[in-house]
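1. here's my sequence, what's the structure:
(2 chains)
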Amino acid sequence: DAGVTQSPTHLIKTRGQQVTLRCSPKSGHDTVSWYQQALGQGPQFIFQYYEEEERQRGNFPDRFSGHQFPNYSSELNVNALLLGDSALYLCASSLGTGGGQPQHFGDGTRLSIL
Amino acid sequence: AQKVTQAQTEISVVEKEDVTLDCVYETRDTTYYLFWYKQPPSGELVFLIRRNSFDEQNEISGRYSWNFQKSTSSFNFTITASQVVDSAVYFCALSPLNSGNTPLVFGKGTRLSVIA
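-> You can find the predicted model right below:
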């Protein structure tokens, strides 16, 4: 039973560049959420995708965008990268969008901005 | 507003000691879920437990136990006879169901170090 997989594991970019992170949900899950975890902090919710649409969004600027594909996998895109975007980006999947659903997380993508 | 506070930033214990991780939450929602997650150095958040706001029964799973007290808005986590493998960052999280737009609101985490 494959869990949540994310790619790449690590990424180094420079300010102003654009980046795309990828996530495949746990088998049987249809909802994908993205979180940003700065060093020493708890994860912060970015947005959630269900049925290929953004369903909920946290307090993040429009530079952060996403997509969900028919096979439920998802991408997170960040444009015009800033030094403050350096963080661990976590993808979580669940069955449905209900708030009480346990979310299963991947290992994350560590993004470093130089 | 939804908020989770984990006042203990770091805790260090000797193997076999018991340790309690504190979690206090704030929400105006009457219906919500509370979670604990473990984050080992690999980065993956591992789901440990979910409780809903209507169930205040304490729960025990092996060496882990959870104490949910609605009157004090607390959901504390105790590890009995700690082991080195318990070393990780532990996060408490809240999922409000009546309002808000975030599936999970996390605390800042407590880093637990268990020394052999």
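
2. which residues touch the one residue in chain B that gets nearest to chain A?
-> Here chain B gets closest to chain A at one residue, B:Phe106, 3.3 Å apart by C-beta to the nearest C-beta. For the C-beta atoms, the positions are set from N, CA and C on the backbone; glycine is no exception. Going by C-beta atoms under 8 Å, 6 or more residues apart in numbering or on different chains, B:Phe106 touches A:42-44, B:4, B:37, B:91-93.

3. can you pull up the bridge partners for it?
-> The partner list for B:Phe106 in beta bridges (DSSP bridges) reads B:Ala93.

4. and the helix-or-strand element of chain B with minimal mean pLDDT with chain A, contact?
-> Lowest by mean pLDDT, DSSP states H and E among the helices and strands of chain B is strand B:59-61, with a mean of 85. No. Judged by C-beta under 8 Å from any C-beta of the partner chain, strand B:59-61 stays clear of chain A, getting no closer than 14.3 Å.

5. tell me the mean pLDDT over stretch A:95-111?
-> The average of the pLDDT scores along stretch A:95-111 is 86.

6. list the buried residues in that stretch.
-> A:97, A:99-111 (16 or more other C-beta atoms under 10 Å in any protein chain shown).

7. distance from the chain centre to it, please.
-> 9 Å (C-alpha atoms, centre = their mean, to the nearest Å).

8. please save the CA atoms from it in PDB.
-> Extracted in PDB, the C-alpha atoms of stretch A:95-111 (Å, rounded to 0.1, in the frame of the first residue of the first chain):
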ATOM      1  CA  LEU A  95     -10.400  10.700   1.800                       C
ATOM      2  CA  GLY A  96     -12.800  13.500   1.300                       C
ATOM      3  CA  THR A  97     -12.500  17.100   2.500                       C
ATOM      4  CA  GLY A  98     -14.100  16.700   5.900                       C
ATOM      5  CA  GLY A  99     -12.200  18.400   8.700                       C
ATOM      6  CA  GLY A 100     -12.000  15.400  10.800                       C
ATOM      7  CA  GLN A 101     -10.300  13.100   8.300                       C
ATOM      8  CA  PRO A 102      -6.800  12.000   9.400                       C
ATOM      9  CA  GLN A 103      -4.300  13.300   6.900                       C
ATOM     10  CA  HIS A 104      -1.400  11.200   5.800                       C
ATOM     11  CA  PHE A 105       1.800  13.100   5.000                       C
ATOM     12  CA  GLY A 106       4.700  12.500   2.700                       C
ATOM     13  CA  ASP A 107       8.300  13.100   3.600                       C
ATOM     14  CA  GLY A 108       8.200  16.500   2.100                       C
ATOM     15  CA  THR A 109      10.300  18.600  -0.300                       C
ATOM     16  CA  ARG A 110      13.000  20.700   1.300                       C
ATOM     17  CA  LEU A 111      13.300  23.900  -0.700                       C
END
